[in-house]
Structures are given as C-alpha cells and as structure tokens.
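In: Dropping the sequence and predicted coords here.
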Amino acid sequence: MEKKQSTIIAIEKGFSSYVNSCLSRASRDYFRRLKREYQRLVPYEEHVPDISLTCSIIVCPFIYVSVLQ
C-alpha cells in the first residue's frame with residue numbers, strides 16, 4: 001500500500017513539474033511575441049509627414065441657374 005502511495009505522489013510531482021514547464025514556456029513565448037510586435041510598430045507621428053494645408057477659394061464670376069419645369 002505504501003508503494004502505491006509513493007507512486008501516486010511521484011506521478012503527481014512529475015505532472016506538476018510538466019504543467020509548470022509548459023506554462024513557463026507558453027508565457028515566455030507570449031511575451032517574446034508581444035515584444036516583437038511592439039518593436040515592429042511605428043508611432044503614427046513618425047509615419048505621417050508634416051503636411052501644411054493651405055486653402056484657396058476661387059470665386060467664379062458666372063452663376064449657373066437651372067430651372068426645373
């Protein structure tokens with residue numbers, strides 16, 4: 001009976017170790033991927049050049065009138 005109990009404890013310990021290593025690796029991979037994505041992003045201000053817009057209004061000397069019948 002004692003051997004069975006020690007076997008169960010060894011299995012639980014091994015499984016716990018396996019789950020811990022899986023979670024650690026998944027976490028590491030996630031944060032590496034996140035860091036890679038942030039390094040690829042460029043702030044919007046750096047991406048768009050400064051554009052100075054000027055408005056000019058042109059007034060046409062002719063008035064077009066259409067009459068609907």
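Out: It's in. Numbers count the residues shown, from 1 in each chain.
In: Distance check, I8 against N20.
Out: Distance, I8 to N20, by CB to CB, to the nearest Å: 18 Å. The way it works is simple: take the backbone N, C-alpha and C, and place the C-beta from them, glycine included.
In: And K4, by the same measure?
Out: 25 Å.
In: again, but for E12
Out: Taken as CB to CB, the span from E12 to N20 is 12 Å.
In: Quick check: phi and psi at E37.
Out: phi -60, psi -40 (degrees, to the nearest 10).
In: show me what contacts it?
Out: By CB atoms under 8 Å, 6 or more residues apart in numbering, no residues touch E37.
In: shaky segments in this protein?
Out: 44-69 (pLDDT under 70).
In: Recalculate using a threshold of 90.
Out: 1-3, 36-69 (pLDDT under 90).
In: Helices of that one, residue ranges please.
Out: Assigned by DSSP state H, the helices in the chain fall at 2-40, 44-47.
In: Tell me which of those sits most buried.
Out: helix 2-40 (a mean of 10; mean count of other CB atoms under 10 Å).
In: Against M1, how distant is T7?
Out: 11 Å.
In: Kindly report the same for N20.
Out: Distance of N20 to M1, given as CB to CB: 29 Å.
In: With C22 instead?
Out: 32 Å.
In: again, but for I11
Out: 16 Å.
In: With Q39 instead?
Out: In terms of CB to CB, Q39 sits 57 Å off from M1.
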